[in-house]
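Student: need coordinates for the following:
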Amino acid sequence: MNVPRRALLGAGAALAAAPLWPSAAEAAAPFRNDLPPAWYRFRIGEFEATVISDGRLPLGEPGPAFPASPPAEITALMQSNFLPVNSANLEQNALIVNTGRHLVLFDTGMGDSMGPASQMFGPTTGRLLRNMRAAGIEPAQIDMVILTHAHCDHCWALVDAQGNRNFPNAQVALSETDLRYWTDPANKTGPAFMTAFIDGATKNLNAYRDRLVMVRDGAEVVPGIQAISAPGHTLGHTMYAVTSGNRTVVNTGDLAHHQVLLLRRPLWEFSFDTDPRMSAQTRARALERFAGERTQLLSYHFSWPGLGHVAKEQEGYAWIPTAMDLTALE
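Tutor: Model prediction:
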């Protein structure tokens, strides 16, 4: 088919004259400016696991969170990993494991139990319950809540603003050391956040006083879930190995808060640690073991959904995220 050159030129001129924006009848849809429910489901052997987001926890400028670290080195590490140098953001990745016998939630996020204090890190937290429901899990189905430790972003959603249990059929497991420390008013000393942290832990944990289970290092909390003492961030901070068949995932809690700063520099100290030096030593030992054994990890504060491995890299470690497999349950 031969098209005359004059016809092609005419068509080109008509296109050039046409407006490049839509008419009023073809106006674009408004921006939504909201986020979809955040949950991710996968298998640990025969167990079904779901990561639920409680939302992003912004620390702001990273310097104050790492007060003993060289500011120029913080900036260089953030820049080299394509992260904003003036804003350290932490995720909150709560793990739910269905063992077939138990439905276990690890940590609860910020919640709203402490009123305005529940938004001390801003309005982007406190989304655990709605995201659980979006994933098809009702809070009343949870029969065990296991706490890695009793900080605000890990236990303040045990109850609602009125003090009612959010998980009415659950026991709550944590270390006795953390229970005693974070419900003792004598520890309202030091940093300003300590008063709110202790008041919040006391309110939330007291609601389950008749349902508390004390975890012991090396012992199973429920079949397939073993406690691993990892003190420092809090004195009773505990990790948990979830094992089914020949597969294990270790929920590291707050062993490390940032996938760059505290992996590349594992001996750096973090301002919210109860014992910063102990925390750094615990972190260094655990990361060495996890890298050598190629253990899959779930980190509460690393980039969503927090699943991955650590690999030795120079004086520190690199975070290798696990690719999300959307066919994993088929």
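
Student: all contacts plus neighbour counts: C-alpha atoms, from now on.
Tutor: Will do.

Student: can you tell me how far the closest residue to E269 other than its chain neighbours is from Q296?
Tutor: Once flanking residues are discounted, E269 sits nearest to P276: 5.2 Å by CA to CA, 6 or more residues apart in numbering. Separation of P276 from Q296 (CA to CA, to the nearest Å) stands at 25 Å.

Student: so for the two, which residue has more residues nearby?
Tutor: Neighbour totals were compared for P276 and Q296, and Q296 leads with 21 against 18 (other CA atoms under 10 Å).

Student: show me where this structure has helices.
Tutor: Using DSSP state H, the helices of the chain run over 5-17, 71-80, 128-134, 152-155, 176-182, 193-206, 261-264, 276-293.

Student: closest to V221 out of these?
Tutor: Among the helices of the chain, the nearest to V221 by CA to CA is helix 176-182 (13.4 Å).

Student: counting by contacts, list what the closest one packs against.
Tutor: Judged by 3 or more CA pairs under 8 Å, 6 or more residues apart in numbering; DSSP states H and E, helix 176-182 is in contact with helix 193-206.

Student: tabulate the CA atom coordinates of the helix it packs on in CSV.
Tutor: In CSV, the C-alpha atoms belonging to helix 193-206 read as follows (Å, rounded to 0.1, in the frame of the first residue of the first chain):
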residue,chain,number,x,y,z
PHE,A,193,11.7,8.7,77.3
MET,A,194,12.1,6.3,80.2
THR,A,195,9.0,7.5,82.1
ALA,A,196,6.7,7.0,79.1
PHE,A,197,8.3,3.6,78.3
ILE,A,198,7.8,2.3,81.8
ASP,A,199,4.3,3.7,82.2
GLY,A,200,3.4,2.2,78.8
ALA,A,201,4.9,-1.2,79.5
THR,A,202,3.2,-1.3,83.0
LYS,A,203,-0.3,-0.5,81.6
ASN,A,204,0.0,-3.0,78.7
LEU,A,205,1.6,-5.9,80.6
ASN,A,206,-0.5,-5.5,83.8
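
Student: any idea how far it is from the chain center?
Tutor: 20 Å (CA atoms, centre = their mean, to the nearest Å).

Student: I figured D199 hits T183, correct?
Tutor: Yes. With contact defined as CA atoms under 8 Å, D199 reaches T183; the gap is 7.4 Å.

Student: so if I had to pick from those two, which one is more boxed in?
Tutor: Using other CA under 10 Å as the criterion, D199 and T183 rank with T183 on top: 21 against 17.

Student: count the residues that sit near the spatially closest residue to T282 that is not a sequence neighbour.
Tutor: Counting by CA to CA, 6+ apart, T282 lies nearest to A230, which is 6.1 Å off, once chain neighbours are set aside. The local packing of A230 (other CA under 10 Å) involves 26 other residues.

Student: re the thing from before, how near is the residue nearest to E269 to H309?
Tutor: Using CA to CA, P276 is found at 24 Å from H309.

Student: how about N169?
Tutor: Counting by CA to CA, the gap from N169 to H309 is 34 Å.

Student: so these two - more neighbours on which side?
Tutor: H309 (22 against 15).

Student: just the buried residues of stretch 266-286, please?
Tutor: Of all the residues in stretch 266-286, those buried under the rule 16 or more other CA atoms under 10 Å are 266-270, 273-284.

Student: how about residues contacting it?
Tutor: 64-69, 230-235, 255-256, 262, 316-317 (CA atoms under 8 Å, 6 or more residues apart in numbering).

Student: make it 6 Å
Tutor: With contacts defined as CA atoms under 6 Å, 6 or more residues apart in numbering, stretch 266-286 is touched by A65, F66, G232, H233, T234, L255.

Student: how much space between the closest residue to K203 other than its chain neighbours and D107?
Tutor: Nearest non-adjacent residue to K203, counting by CA to CA, 6+ apart: G163, 7.4 Å away. Noted for G163: a distance of 17 Å to D107, by CA to CA.

Student: so those two - more neighbours on which side?
Tutor: Per other CA under 10 Å, whichever of G163 and D107 has more neighbours is D107, with 31 against 16.

Student: thought the more buried one was touching L147?
Tutor: Yes. In this structure D107 lies within contact range of L147 using CA atoms under 6 Å: 4.9 Å.

Student: flag the shaky bits of the stretch 1-150 of the chain, pLDDT-wise.
Tutor: 1-27 (pLDDT under 70).

Student: hey, where'd the strands end up in it?
Tutor: Per DSSP state E, counting those that start in this stretch, the stretch 1-150 of the chain carries strands over the ranges 39-44, 47-53, 57-60, 88-90, 93-98, 103-106, 144-146.
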